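*Asks:* Dropping the sequence and predicted coords here.
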Amino acid sequence: MSRLVPVVLALLLSGSPLRAETDRMVPIQIDGVAVRLAMQVHTPAGAGPFPTLIFHHGSTGRGNDPSLFARRFEPAPLIEWFRARGWAVVLLSRRGRGGSEGEYDEGFGLPRSAGYSCDPSFSLPGAERALRDIDAATAAILAMPFVDRTRVAVGGQSRGGILSIAWSGRRPSVVRAAVNFVGGWMGEGCPTAAQINRSLFDRGGAFGSDTLWLYGDRDAFYSLRHSRANHASFLAAGGRGAFHEFQPGEGRSGHGIVFAPVLWSEALAVYLRAQGLPAP
């Protein structure tokens, strides 16, 4: 992979000085087992209920450094963008990640220490496991009193982005918007990346509403050419939504555009308003 990968990972996994209004360990049943998932909850001023964004994290690079599993993902610029417009934001950590209980098991090969597998027979069941986490956690989030269940959006970064699209096709009546920041499940270093990523994105074709795809140039994991092809496959599978591409600042990787609202703010606001959601 590119030399940019360690830099990008440091940015995406380092967290931020922004403190969650509440850090919660939420008890949930997944696959017949009781676990507590870590969630960071940020709400705007006021009594609520609020339109709510449920946002999903990505991977840990190659998956071969267990010290990264416990770090939580908290993109402060994105959180503040939504809070300033009257939204609540919930950041979910899936099993074994970011303080959540359970084993982190999203597509590791054999031996596990080698990290994420390029073999679809390992990688795709790992994605399915992540989708089950999202299913169970979303039900718990929708029951929280500050959430306006009629105005819910889902989004995510990298693996979280592709999961948001795939999950929206699986539960099309739950959310009104799906926002994909630089999404993909396996990077182009895998010869099977196109097969795996399109298989998951195509599941989102059943959503039936517009989605938003936000990508940056010079992404060490997903080139714009690769991601455009994923979007074309999604559209062919019945999906709807626009693909936007941005040029990050000099020397910056496109994989970190979630931290640069100056790039995507207008496109996101236009999209949300088109879905009947607030973006003043």
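*Replies:* That came through fine.
*Asks:* pretty sure C190 is in a strand, no?
*Replies:* No: looking at C190 with DSSP: H, G, I helix; E, B strand; the rest coil, it is coil, so not inside a strand.
*Asks:* Find the nearest non-adjacent residue to it, please.
*Replies:* Counting by C-beta to C-beta, 6 or more residues apart in numbering, C190 lies nearest to C118, which is 3.7 Å off, once chain neighbours are set aside. All C-beta atoms are positioned from the backbone trio N, CA, C, and that covers glycine.
*Asks:* how many neighbours does the one you found have?
*Replies:* Other residues lying near C118 total 18 when counted by other C-beta atoms under 10 Å.
*Asks:* Adjust the sequence numbering to begin at 650 for everything that follows.
*Replies:* Sure, I'll start counting at 650 from here, so that last one is C767.
*Asks:* That one belongs to a helix?
*Replies:* No: counting by three-state DSSP, C767 is not part of a helix but coil.
*Asks:* Okay, it and A891: tell me how far apart.
*Replies:* Separation of C767 from A891 (C-beta to C-beta, to the nearest Å): 30 Å.
*Asks:* go on, V690?
*Replies:* Using C-beta to C-beta, one gets 30 Å for the distance from V690 to A891.
*Asks:* Compare those two (neighbour count), which wins?
*Replies:* Counted by other C-beta under 10 Å, V690 and A891 do not tie: V690 has more neighbours, with 19 against 14.
*Asks:* what's the helix or strand that A815 is a member of in contact with?
*Replies:* Using DSSP states H and E, A815 sits in helix 808-819. Identification of contacts with helix 808-819 by C-beta atoms under 8 Å, 6 or more residues apart in numbering yields 704-708, 722, 755, 776, 779-780, 783-784, 803-805, 824, 827-834, 846, 849-850, 852-856, 860, 883, 888.
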